[in-house]
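>>> Sequence plus the predicted model coming up.
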Amino acid sequence: MNLLIKVLFCFLLISCVSPKEHQYEDLSGNPVFLEDFKGKKIILHFWATTCRPCLEEMPVLQEMHDSLKQENFIVLLASDQSADVIKKYTENSDLDFTFLRFTGPLHKLNVYVLPTTFLYNSEGEKVDEINGAVKWDDAQIFKNLTSNHL
């Protein structure tokens, strides 16, 4: 009985999510950590190829991404779909984003709506969350992104 308790405890300990545990992969299956982008302001955008609002905002999101590169931003697009599905979509688009595969359950991040966008400052701290589609070409959005809190 004592051994069973120890085994269960070890299983629970191992299965707990640690801050360094990777939940993102590039499209080749290599682990990606948000810490890898420390020093950059991160726009982490959750989307899906089956999400019409996600696809409709992509061209404007690309324009904003191009404008924000000089402001030390990186836009990461994360989907929980298979790498093959994401690759097929990227091959048929002119988008120049860093596409990632999210390997964990979205609800663990409280993502219940697509698109959802997390904003991280250059210290790696999450400073904002946007649920739903965004008018990325809105001047106020651009102003908010380039403000000092990010």
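Perfect, thanks for sending it.
>>> For the one residue sitting closest to the centre of the chain, give me the pLDDT.
When Cα atoms, centre = their mean is applied to the chain, the residue found nearest the centroid is residue 44 (3.4 Å). Residue 44 carries a pLDDT value of 97.
>>> which residue packs closest to it, ignoring adjacent ones?
Spatial nearest neighbour of residue 44, excluding adjacent residues (Cβ to Cβ, 6 or more residues apart in numbering): residue 118 at 4.3 Å. Any C-beta I mention is one placed from the backbone N, CA and C, and that applies to glycine too.
>>> ok, the one you found touching residue 41?
No - between residue 118 and residue 41 there is no contact, the gap being 11.5 Å when judged by Cβ atoms under 8 Å.
>>> what separates residue 55 from residue 125, distance-wise?
Distance of residue 55 to residue 125, given as Cβ to Cβ, to the nearest Å: 30 Å.
>>> Is residue 68 in contact with residue 75, as I believe?
Yes - when contacts are counted by Cβ under 8 Å, residue 68 is listed as touching residue 75 (7.4 Å).
>>> quick one: which of these two has more around it?
Set residue 68 next to residue 75 and count neighbours by other Cβ atoms under 10 Å: residue 75 wins out with 22 against 18.
>>> That one contacts residue 63, correct?
No - here residue 75 does not reach residue 63: they are 11.0 Å apart, not a contact under Cβ under 8 Å.
>>> rewinding a little: in terms of helices and strands, where is the residue nearest to residue 44?
If you go by DSSP states H and E, residue 118 is part of strand 116-120.
>>> And residue 55, by the same measure?
Going by DSSP H and E, residue 55 is part of helix 52-68.
>>> Report all helices and strands that that helix contacts.
strand 41-46, strand 73-79, helix 139-145 (3 or more Cβ pairs under 8 Å, 6 or more residues apart in numbering; DSSP states H and E).
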